[in-house]
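Undergrad: Sharing a model that was predicted from the sequence below.
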Amino acid sequence: MASFSIPLTGLEADSTALNTIANDLSNMNTTAFKAQTTNFSDLFYQQIGSTGSGDPIQVGAGAQVASNTTDFTQGSYDTSGMSASDMAIDGNGFFILSGNGGAPLYTRDGSFSQDTSGKLVSSSGLAVMGYPATNGVVNTNAPLTSINIPLIGQVQQPAATTTFSVTANLDSESATAGPFPATVPVYDSLGASHNVTITFTQTGTNTWTYSAALPASDFTSGVSTPVTGTMTFDANGNLLTIQPAGAPAAENVGTGAGDVSSIPIGFTGLSDGAADLNMNWNLLGSAGKPNISQVDEASGVSDTTADGNAAGTCTGFEIGSDGTVTAEYTSGNEIVGQVALANMTNLQGLQLQGDGNYVTTLASGVATVGAPGNGGLGTIQDSALEDSNVNISSEFSNLVVAQRAFEANAKSVTTFDTVTQDTINMVH
């Protein structure tokens, strides 16, 4: 009978609402938990006739659960007692976890830690995915991989310098000022530090010589043989050509066919027994523009960079707002990777997996992956966790409403039972 089936649909729908509220309240302290709300809709209708004006007379069949929507608004931060591996997302996005051979999982729960090999993992042991770094340089075009961070106390092996660069200006009117030196710290294969001094001397209009040398005390022979050559500039002060000593002709500096972008610098016979120091002096910046200019301004060095490192011991790590993971050594710091984030077109289409994890579906759309702070993705808050966004006041209000609706439907069932019993008694 409809009198019984209709309130039963209400009881079933209200039961789902009560379960949703109970789940929200039980997860008030769950990291990055997102509250849900049960929404109802009416079932189909049966037309039992029409009025004299032709208006349909319809009787409903009850209620049903239309959806369980998730509130993806951001929770507050908790920074008390957090470790360096804990992370919260400020803005849009999800951390990406390996799926153990299956589809990747996505989560807002950044309560991560290191396993015994240094891999950054979730509380359930899934690897946190990101971009790899080689020699301290992150490659965001590479496939995602697990983030491995050196363990505290782990020794970093020394690495010889292979490339260095100098960003400097040479005074176009410094002919009377004498040579201008620039010093670049580099490392040999044993991790010992050396200072390469590059001396620039103006020899004519838009023409300079360079001489790269180490101190004589750095060699077993006590003699330093410098690497020399000539460089020229155009009328706008841009580095135009270089001609290392012994080269048959000058070569254009640039990125075009036949152009050069670096000068080979080599030293042999180091006094500490290290391998020969062979390096490239990079002449171009990231945009392909020469690092060295010549204008009417005092000569000066604004920056020097070099790869390589001395031996050191890991003392910890930190994670930047852009997700870069920097290992801290007694010999210096090194970027070892970058945490990646993902976002979806329709968050309501995500499927819950438990442990705060989601997977994408056809409804959610494919995940868009990128570096934090780019493409609408949020940034990383290190040593913090996102709290649950459950609002206890709203949940208790919803609980009262759901309870009253359940009681009303239950009362309908008992009322109809009484009416049915009275009808049966009339027959007897």
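TA: Done, it's in.
Undergrad: per the record, what domains does the chain have?
TA: What the record gives for the chain is the domain set 2-73+388-427, 93-152+314-377, 163-310, from automatic domain parsing.
Undergrad: closest one to Ser85 among those domains?
TA: Among these, the nearest to Ser85 by Cβ to Cβ is domain 93-152+314-377 (4.7 Å). Glycine gets a C-beta too; all of them are placed from N, C-alpha and C.
Undergrad: Span of the closest one from start to end?
TA: End-to-end distance for domain 93-152+314-377: 6 Å, by Cα to Cα, to the nearest Å.
Undergrad: Wait, Pro7 touches Phe406, no?
TA: No - counting by Cβ atoms under 8 Å, Pro7 does not reach Phe406; the two are 10.1 Å apart.
Undergrad: Name the single longest strand found in the protein.
TA: If you go by DSSP state E, the chain has its longest strand at strand 193-204.
Undergrad: In the chain, where is pLDDT below threshold?
TA: Along the chain, the model assigns pLDDT under 70 to residues 1-4, 174-177, 416-417, 419-420, 422-423, 428.
Undergrad: Name the single longest helix found in it.
TA: The longest helix of the chain (DSSP state H) is helix 392-427.
Undergrad: buried sites along it?
TA: 395, 398-399, 402, 405-406, 409, 412-413, 416 (16 or more other Cβ atoms under 10 Å).
Undergrad: sorry, back to before: keeping just the C-alphas, turn the longest strand of the chain into PDB.
TA: The C-alpha coordinates for strand 193-204 follow below in PDB (Å, rounded to 0.1, in the frame of the first residue of the first chain):
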ATOM      1  CA  SER A 193      87.000  24.500  -2.600                       C
ATOM      2  CA  HIS A 194      88.900  26.600  -5.000                       C
ATOM      3  CA  ASN A 195      88.500  30.200  -6.200                       C
ATOM      4  CA  VAL A 196      88.700  30.800 -10.000                       C
ATOM      5  CA  THR A 197      89.600  34.400 -10.600                       C
ATOM      6  CA  ILE A 198      88.700  35.700 -14.000                       C
ATOM      7  CA  THR A 199      90.500  38.900 -14.900                       C
ATOM      8  CA  PHE A 200      89.100  41.200 -17.600                       C
ATOM      9  CA  THR A 201      91.300  43.800 -19.300                       C
ATOM     10  CA  GLN A 202      90.200  46.300 -21.900                       C
ATOM     11  CA  THR A 203      92.600  46.300 -24.900                       C
ATOM     12  CA  GLY A 204      90.600  48.500 -27.300                       C
END
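Undergrad: what helices or strands is it leaning on?
TA: strand 163-171, strand 180-187, strand 207-213, strand 277-282 (3 or more Cβ pairs under 8 Å, 6 or more residues apart in numbering; DSSP states H and E).
Undergrad: Including distance to Gly75 and mean neighbour count, could those strands go into a markdown table?
TA: Formatted as a markdown table, the helices and strands packed on strand 193-204 follow (distance: least, Cβ to Cβ, whole Å; neighbours: other Cβ atoms under 10 Å):
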| stretch | distance to Gly75 | mean neighbour count |
| --- | --- | --- |
| strand 163-171 | 44 | 19 |
| strand 180-187 | 45 | 18 |
| strand 207-213 | 56 | 19 |
| strand 277-282 | 46 | 19 |
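Undergrad: Which one of these lies nearest to Gly373?
TA: That would be strand 163-171 among the helices and strands packed on strand 193-204, by Cβ to Cβ, at 25.3 Å.
Undergrad: now that closest one: how far from the chain's centre is it?
TA: The chain centroid and the centroid of strand 163-171 are separated by 32 Å under Cα atoms, centre = their mean, to the nearest Å.
Undergrad: Against which helices or strands is it packed?
TA: In terms of contacts (3+ Cβ pairs under 8 Å, 6+ apart), strand 163-171 is packed against strand 180-187, strand 193-204, strand 277-282, strand 292-295, strand 300-306.
Undergrad: switch the cut-off to 7 Å
TA: The contact analysis (3 or more Cβ pairs under 7 Å, 6 or more residues apart in numbering; DSSP states H and E) places strand 163-171 against strand 180-187, strand 277-282, strand 292-295, strand 300-306.
Undergrad: Just want the angle from it to strand 193-204.
TA: Orientation check (axes from the mean of the first three to the mean of the last three Cα atoms, to 10 degrees): strand 163-171 against strand 193-204 gives 40 degrees.
Undergrad: Sheet-wise, list the partners of strand 163-171 with their directions.
TA: Taking DSSP bridges as the criterion, strand 163-171 forms sheet pairs with strand 277-282 (parallel), strand 292-295 (parallel), strand 300-306 (antiparallel).
Undergrad: would you list those strands in a markdown table and tack on distance to Thr313?
TA: Converted to a markdown table, these look like this (distance: least, Cβ to Cβ, whole Å):
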| stretch | distance to Thr313 |
| --- | --- |
| strand 277-282 | 24 |
| strand 292-295 | 37 |
| strand 300-306 | 21 |
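Undergrad: list the contacts for the nearest residue to Gly91 once chain neighbours are set aside?
TA: The shortest distance from Gly91 to any non-neighbouring residue, by Cβ to Cβ, 6 or more residues apart in numbering, is to Gly378 (2.3 Å). The neighbourhood of Gly378, defined by Cβ atoms under 7 Å, 6 or more residues apart in numbering, consists of 89-93, 341, 372.
Undergrad: Of all the residues in the one helix or strand Asn19 maps to, which ones are buried?
TA: Secondary structure from DSSP states H and E places Asn19 in helix 2-26. For helix 2-26, a neighbour-count test (16+ other Cβ under 10 Å) marks 6-7, 9-11, 13-14, 16-18, 20-21, 24 as buried.
Undergrad: Done for today, thanks.
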